[in-house]
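Q: pasting the sequence and the predicted coordinates here, then a few questions.
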Amino acid sequence: GAVVSQHPSRVICKSGTSVKIECRSLDFQATTMFWYRQFPKQSLMLMATSNEGSKATYEQGVEKDKFLINHASLTLSTLTVTSAHPEDSSFYICSASESGLGYGYTFGSGTRLTVV
Amino acid sequence: GENVEQHPSTLSVQEGDSAVIKCTYSDSASNYFPWYKQELGKGPQLIIDIRSNVGEKKDQRIAVTLNKTAKHFSLHITETQPEDSAVYFCAATSGRDDKIIFGKGTRLHILP
């Protein structure tokens, strides 16, 4: 089946620095990938839709200058948390659909970001 | 936009008994309803899904039912086992923008 690889699984960074998270579709091409954020014991909140070759679409309330998304190829999307602060600490998860038809989404294993 | 409500938030079931989790959605255009299982520190894993042209789907101990008229769908797990303990999320998506909207999750505890 479709596999989505996400790296790193855990990262600790200092306040003010930037962190890049990678999301790769290993055995399929994905023109669209999605980035979610999950706080402890809460649901997944969609942050943005990453579109290959074009700008990402951000959900209301998500700062696009804070969370930079790049989808340079059909198998890779990156999320960069810029000038990170402790309140950015969270679990970030990406997903992609092999079919690209609105179903069959596969999720990455997530990245636990801790900003100290 | 779409809104997905999920109940209960926590569910404790004796091992071997059945568990039922219910969800409702608001957007009548939604046509795909996946269910995910999430274990601690991991990403969600798809366990079963159903499309709007089907009323019921079963895969071994797991089944999902969909009532389009009432806009609700349910997950049924029979003969529960300890490894079924996890957080389960229902979700819905329409064909318009491919966004998956999640319910708030149900923490399922299987009691020995």
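A: Everything's here; your move.
Q: wait, A:Val25 touches A:Thr75, no?
A: Just so we're on the same page, residue A:25 is Ser rather than Val. Yes. A:Ser25 is within contact range of A:Thr75, at 4.9 Å (criterion: Cβ atoms under 8 Å). Every C-beta, even on glycine, is put in place using the N, C-alpha and C of the backbone.
Q: and those two? Which one has more around it.
A: A:Ser25 (24 against 19; other Cβ atoms under 10 Å in any protein chain shown).
Q: tell me who's in contact with the more buried one.
A: A:Ala2, A:Val3, A:Val4, A:Ser5, A:Met33, A:Leu74, A:Thr75, A:Leu76, A:Ala96, A:Glu98, A:Thr106 (Cβ atoms under 8 Å, 6 or more residues apart in numbering or on different chains).
Q: state the pLDDT value of it.
A: For A:Ser25, the pLDDT comes out at 92.
Q: for chain A, what lies in contact range of chain B?
A: A:6, A:32, A:34, A:41-44, A:46, A:49, A:93, A:95, A:97, A:102-110, A:112 (Cβ under 8 Å from any Cβ of the partner chain).
Q: find the nearest non-adjacent residue to A:Arg10, please.
A: A:Arg112 (4.7 Å; Cβ to Cβ, 6 or more residues apart in numbering or on different chains).
Q: now the residue of chain B found nearest chain A: phi and psi?
A: The minimum distance from chain B to chain A, using Cβ to the nearest Cβ, falls at B:Gly43 (4.0 Å). When read as degrees, to the nearest 10, the backbone of B:Gly43 gives phi -80, psi 160.
Q: repeat that for the one 3 residues further on.
A: Backbone torsions for B:Leu46, taken as degrees, to the nearest 10, come to phi -70, psi 130.
Q: just to revisit the earlier point, what subset of the contacts of A:Ser25 is buried?
A: A:Ala2, A:Val4, A:Met33, A:Thr75, A:Leu76, A:Ala96, A:Glu98, A:Thr106 (16 or more other Cβ atoms under 10 Å in any protein chain shown).
Q: okay, the fifth one: pLDDT?
A: Each residue has a pLDDT score; the one for A:Leu76 is 94.
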